[in-house]
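Visitor: Have a look at this prediction, sequence included:
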Amino acid sequence: MNARRTSYEIYWEILTFCKAGKSFTQVVGRCDLNSKIGQEYVDFLVSKGYLCRVQEGDRSLLRTTSAASVYLDTFARLYQSLYQNAPEFKL
């Protein structure tokens with residue numbers, strides 16, 4: 001099987017990572033994306049209401065919204081049924 005990640009896996013990784021609120025730089029670094037592609041993924045997730053931008057002091061953070069729980073749960077179940085194991089993303 002191809003080792004490349006699908007867009008759905010990348011969405012899941014970003015949403016999982018941003019549960020505690022992360023900077024854009026942390027997201028692209030941890031999810032192994034370049035800034036242009038990372039911005040496209042973040043913008044899409046924000047447009048769907050799964051990710052929001054919040055200000056904490058002088059920092060702008062990305063945080064997963066409660067609306068994303070449906071996607072995260074559905075993706076995890078589908079992934080498990082296809083591959084017989086849960087998706088992995090070591091935080």
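Guide: Nice, thanks for sending it over.
Visitor: Name the residue closest to the centre of this structure, please.
Guide: With distances taken as Cα atoms, centre = their mean, the residue of the chain nearest its centroid is residue 14 (1.6 Å).
Visitor: Would you mind measuring from it to residue 55?
Guide: Separation of residue 14 from residue 55 (Cβ to Cβ, to the nearest Å): 19 Å. All C-beta spots, glycine's among them, are computed from the backbone N, C-alpha and C.
Visitor: one step back: list the contacts of the residue nearest to the centre of the chain.
Guide: 27, 31, 41-42, 45, 51, 62 (Cβ atoms under 8 Å, 6 or more residues apart in numbering).
Visitor: From those, pick the one nearest residue 78.
Guide: Nearest to residue 78 out of the contacts of residue 14 is residue 45 (Cβ to Cβ; 17.9 Å).
Visitor: List the residues that contact residue 55.
Guide: residue 61 are the contacts of residue 55 under Cβ under 8 Å, 6+ apart.
Visitor: Now do the same for it: helix, strand or coil?
Guide: With DSSP: H, G, I helix; E, B strand; the rest coil as the basis, the three-state label of residue 55 is strand.
Visitor: can you pull up the bridge partners for it?
Guide: On the basis of DSSP bridges, residue 55 is bridged to residue 60.
Visitor: still on that earlier bit, export the contacts of residue 14 to JSON lines and tack on pLDDT and secondary structure?
Guide: Below are the contacts of residue 14 laid out as JSON lines (pLDDT from 0 to 100; DSSP: H, G, I helix; E, B strand; the rest coil):
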{"residue": "27", "pLDDT": "97", "secondary structure": "helix"}
{"residue": "31", "pLDDT": "92", "secondary structure": "coil"}
{"residue": "41", "pLDDT": "98", "secondary structure": "helix"}
{"residue": "42", "pLDDT": "98", "secondary structure": "helix"}
{"residue": "45", "pLDDT": "98", "secondary structure": "helix"}
{"residue": "51", "pLDDT": "98", "secondary structure": "strand"}
{"residue": "62", "pLDDT": "98", "secondary structure": "strand"}
